[in-house]
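K.L.:
the sequence and its predicted three-dimensional model are supplied below.
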Amino acid sequence: MEGVSAVPVPQPRARTAATAPDSAASRRSLAAALLLGAAGATVVLLASGQTWAEGRAATGGGALPLTADGRDVTGVPAALAIVALAALVAVFAVRGAGRWTVAALLALSGLGAGLSAWAGAGDRTALDGEAARTTGDAAATVDALSHTAWPYVTAVGGLLILLAGLLALRYGSRWPTMSAKYERDGTPRPRKTPRTAPDPERPEELWKALDRGEDPTRET
């Protein structure tokens, strides 16, 4: 018997070892960035509306209790949280250098919100100003000044936004783009071939005529 030559069987393409891990890391980073960014902005907005400082202003009739919330102390964290939310959405609408720029803005928003909240944790200017307005004495200040933990909670929210921005800087180039399916790639679309009238001499047309009960041999 003659030797039978083996016919090479095409093998399926093997994925590179780095493809699956990279894809998984990209999905995880995307989910983490969305979660951290949204949660951080929510924490900042909520915590900055809480009472940050408490004190008492001396009046002729005794002591008047005063409080100041985060927006009285500084409006920077809340404003940057809104910027962060906008950047978190915009990072999926751009690509290339634009995505890197938006990701950097997201990270800087978180950093700024955290630092401004941390700096406002020991602020007394807002309460002193409230004491002056309440008593009508420009030199009035508050006594028994105390601060709550809300400034630090706000700072934690800023840290979460910062982490979301860092993830976007690191993995953002691998994330999908929302507008990709709405953009045309510039390639011309194939023209539709115009339908021609059926040829009555073709066998399939003859059979169709017979099915309709027509005489295909009769001239029209």
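P.N.:
Arrived safely.
K.L.:
how far away from the center of its chain is stretch 70-80?
P.N.:
22 Å (Cα atoms, centre = their mean, to the nearest Å).
K.L.:
quick check: end-to-end length of that stretch?
P.N.:
Using Cα to Cα, to the nearest Å, the end-to-end distance of stretch 70-80 comes out at 13 Å.
K.L.:
do stretch 127-142 as well
P.N.:
Taking Cα to Cα, stretch 127-142 runs 7 Å from one end to the other.
K.L.:
ditto for stretch 142-158
P.N.:
Start-to-end, stretch 142-158 (Cα to Cα) is 29 Å.
K.L.:
go through it and flag the buried ones.
P.N.:
For stretch 142-158, burial by neighbour count (16 or more other Cβ atoms under 10 Å) applies to 142, 145, 147-148, 150-158. C-beta: built from backbone N, CA, C; applies to glycine.
K.L.:
which residues of the chain fall in helices?
P.N.:
19-47, 70-73, 76-90, 97-119, 125-135, 150-171, 203-211 (DSSP state H).
K.L.:
quick check: closest non-adjacent residue to the spatially most central residue of the chain.
P.N.:
Residue closest to the average C-alpha location in the chain (Cα atoms, centre = their mean): residue 88, at 2.9 Å. In this structure, residue 88 finds its nearest non-sequential neighbour in residue 37, 4.2 Å apart by Cβ to Cβ, 6 or more residues apart in numbering.
K.L.:
same check, this time on residue 90
P.N.:
Among residues not flanking residue 90 along the chain, residue 102 sits closest, at 4.9 Å (Cβ to Cβ, 6+ apart).
K.L.:
residues contacting the one you found?
P.N.:
Residue 102 makes contact with 87, 90, 91, 94, 168 under the criterion Cβ atoms under 8 Å, 6 or more residues apart in numbering.
K.L.:
which among these gets closest to residue 60?
P.N.:
residue 87 (50.8 Å; Cβ to Cβ).
K.L.:
touching, the closest one and residue 105? I think so.
P.N.:
Yes: taking Cβ atoms under 8 Å as the definition, residue 87 is a contact partner of residue 105 at 4.8 Å.
K.L.:
the more surrounded of these two?
P.N.:
residue 87 (26 against 20; other Cβ atoms under 10 Å).
K.L.:
where does pLDDT dip in this protein?
P.N.:
Scanning the chain for pLDDT under 70 picks out 1-22, 61, 178-207, 209-211, 213-220.
K.L.:
and residue 29, how far from residue 174?
P.N.:
8 Å (Cβ to Cβ, to the nearest Å).
K.L.:
and if you look at residue 25?
P.N.:
Residue 25 sits 8 Å away from residue 174, going by Cβ to Cβ.
K.L.:
what's the answer for residue 101, then?
P.N.:
From residue 101 across to residue 174, the span is 17 Å (Cβ to Cβ).
K.L.:
again with residue 42
P.N.:
To residue 174, residue 42 is 26 Å away according to Cβ to Cβ.
K.L.:
okay, now the residue nearest to residue 169 when sequence neighbours are not counted: neighbour count?
P.N.:
Nearest residue to residue 169, sequence neighbours excluded (Cβ to Cβ, 6+ apart): residue 103, at 4.7 Å. For residue 103, the tally of surrounding residues (other Cβ under 10 Å) stands at 27.
K.L.:
which ones are touching residue 103?
P.N.:
The contact partners of residue 103, taken as Cβ under 8 Å, 6+ apart, are 87, 91, 165, 168, 169, 172.
K.L.:
7 Å - rerun?
P.N.:
Contact analysis of residue 103 by Cβ atoms under 7 Å, 6 or more residues apart in numbering lists 91, 165, 168, 169, 172.
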